[in-house]
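Asks: Below is the structure, and that's it, no one-letter string:
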């Protein structure tokens with residue numbers, strides 16, 4: 001299976017005013033993503049490179065542009081500089097003047113709901129009866145127009161986009177149960193024992209971190225709550241469920257027969273998601289990302305600015321941006337050596353950065369300098 005994603009719209013592809021959804025967008029792009037280790041040392045998770053010069057955030061941006069959404073506030077926080085440069089350069093032409101706003105939280109945002117509260121004046125000024133809340137750190141294809149239409153038809157105050165995963169994988173997500181009409185009956189954020197779906201004890205229904213909220217209801221949830229809501233998953237969505245006004249929306253399957261959505265929060269997930277794009281047809285991709293520019297073979301990925309000589313043999317490896325691989329380097333075959341010098345996950349993904357290689361080279365230089373030269377046997381003279 002490979003993702004069936006939309007082609008990137010042309011820069012002049014503006015939806016006519018009558019066709020634009022009645023919604024403003026809050027794109028949450030402030031997370032660091034610590035499980036990506038050194039890849040987020042200087043960049044936020046949404047800014048991490050994906051399939052060449054693209055970035056993870058570009059998936060949410062492409063989906064929004066395709067849906068005709070032209071009022072968006074991007075809330076950044078951790079290491080925002082590269083996103084504040086990238087988004088206007090790549091996507092600014094798809095939005096009218098002041099249609100794309102970037103707000104740096106500067107460590108003030110205490111959670112996703114707090115980011116909505118602190119930017120509320122700007123969000124409300126964008127107009128629209130609905131607020132579409134998006135996560136900027138997932139790789140997926142979604143028709144936001146269909147989500148908004150389903151929300152309006154449901155009569156709910158909040159609609160949560162959902163997917164299903166094996167129960168063992170659901171502990172890191174918001175897990176819910178819903179009735180046949182789609183009304184959410186229970187919601188637990190990152191539970192130790194995820195509830196199973198009715199009729200399928202092996203799978204759980206999880207939140208994708210994508211919500212549609214009626215603007216007036218969200219204003220009350222943010223400002224009229226006895227204690228301030230800090231997070232959508234911990235506070236806002238449970239409140240909506242308790243009030244009986246939350247609905248679940250399952251993303252439709254694509255031509256492959258399955259919906260494509262990936263949380264790329266770990267090195268394993270990031271590498272495997274990019275491999276999904278190796279065989280994908282260019283016309284069915286959201287951006288230009290020919291595999292020859294970033295795929296090394298043997299399950300390995302090269303990020304922008306890195307160089308890998310043909311003599312290197314890298315397996316299941318991510319080469320970080322700007323890393324210069326030395327000739328003859330071998331990874332992915334000796335777990336002990338991989339873990340000694342690089343970051344290696346239990347599943348076998350290896351991350352190489354330039355600083356790791358420099359440390360390895362310095363160690364080799366020290367060993368050469370302290371190792372005495374071999375004693376030459378000159379033989380015995382009579």
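Replies: Perfect, I can see it now. Since the structure is predicted, the reported quantities are computational estimates derived from the model, not experimental observations.

Asks: and the residue nearest to residue 39 when sequence neighbours are not counted, what does it touch?
Replies: Computed as CB to CB, 6 or more residues apart in numbering, the closest residue to residue 39 that is not its neighbour in sequence is residue 48, at 5.4 Å. (Each C-beta comes from the backbone N, C-alpha and C, glycine too.) Contact analysis of residue 48 by CB atoms under 8 Å, 6 or more residues apart in numbering lists 33, 36, 39, 40, 55, 56, 264, 270.

Asks: next one: residue 240
Replies: Residues near residue 240 by CB under 8 Å, 6+ apart: 156, 157, 158, 184, 217, 221, 246.

Asks: Tabulate these in JSON lines, adding columns for distance to residue 150.
Replies: Output for those, formatted as JSON lines (distance: CB to CB, whole Å):
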{"residue": "156", "distance to residue 150": "9"}
{"residue": "157", "distance to residue 150": "14"}
{"residue": "158", "distance to residue 150": "12"}
{"residue": "184", "distance to residue 150": "14"}
{"residue": "217", "distance to residue 150": "17"}
{"residue": "221", "distance to residue 150": "20"}
{"residue": "246", "distance to residue 150": "13"}
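
Asks: Out of those, which is nearest to residue 350?
Replies: residue 184 (40.3 Å; CB to CB).

Asks: I figured the closest one was touching residue 249, is that so?
Replies: No - Residue 184 lies out of contact with residue 249 (CB atoms under 8 Å); the separation is 10.3 Å.

Asks: ok, longest strand in the protein?
Replies: strand 203-214 (DSSP state E).

Asks: For burial, what's the neighbour tally of residue 189?
Replies: Using other CB atoms under 10 Å, residue 189 has 17 neighbouring residues.

Asks: again, but for residue 348
Replies: When neighbours are counted by other CB under 10 Å, residue 348 registers 15.

Asks: residue ranges of the helices in the stretch 151-300 of the chain, please?
Replies: Ranges of helices within the stretch 151-300 of the chain are 215-223, 237-243, 267-275, based on DSSP state H, counting those that start in this stretch.

Asks: Could you give me the buried positions within the shortest one?
Replies: Burial within helix 237-243, assessed by neighbour count using 16 or more other CB atoms under 10 Å, is assigned to 237, 238, 239, 240, 241.

Asks: now do stretch 203-217
Replies: 203-215, 217.

Asks: Same question for stretch 90-110.
Replies: Residues 90, 91, 94, 95, 99, 100, 101, 102, 103, 104, 105, 109 are the ones in stretch 90-110 that count as buried (16+ other CB under 10 Å).

Asks: and for residue 184 and residue 249, which residues touch both?
Replies: Common neighbours of residue 184 and residue 249, counting by CB under 8 Å, 6+ apart, are residue 160.

Asks: residues making contact with stretch 262-269?
Replies: Under CB under 8 Å, 6+ apart, the answer for stretch 262-269 is 33, 35-37, 39, 45, 48, 50, 56, 137-140, 172-173, 270, 273, 276, 318, 343, 345, 347, 349, 351.

Asks: List buried residues within those.
Replies: Looks like those have 33, 35-37, 39, 45, 48, 50, 56, 137-140, 173, 270, 273, 318, 343, 345, 349, 351 buried, using 16+ other CB under 10 Å.

Asks: So which of these belong to helices?
Replies: Secondary structure from DSSP state H places 270, 273 of the buried ones among the contacts of stretch 262-269 in helices.

Asks: quick one, phi psi at the most centrally placed residue in the chain?
Replies: Central residue of the chain (CA atoms, centre = their mean): residue 137, 2.1 Å from the mean position. Per-residue torsions, residue 137: phi -120, psi 30 (degrees, to the nearest 10).

Asks: Just the pLDDT for it.
Replies: Looking at residue 137, its pLDDT reads 94.

Asks: now do residue 376
Replies: Per-residue pLDDT puts residue 376 at 62.

Asks: Next: residue 21.
Replies: 76.

Asks: cool, residue 104 as well?
Replies: pLDDT, residue 104: 96.

Asks: so what's it up against?
Replies: Taking CB under 8 Å, 6+ apart, we find residue 104 in contact with 76, 77, 80, 84.

Asks: Now it: phi and psi?
Replies: phi -90, psi 120.

Asks: where in this structure is pLDDT low?
Replies: Within the chain, the stretches with pLDDT under 70 are 1-20, 254-257, 280-289, 370-382.
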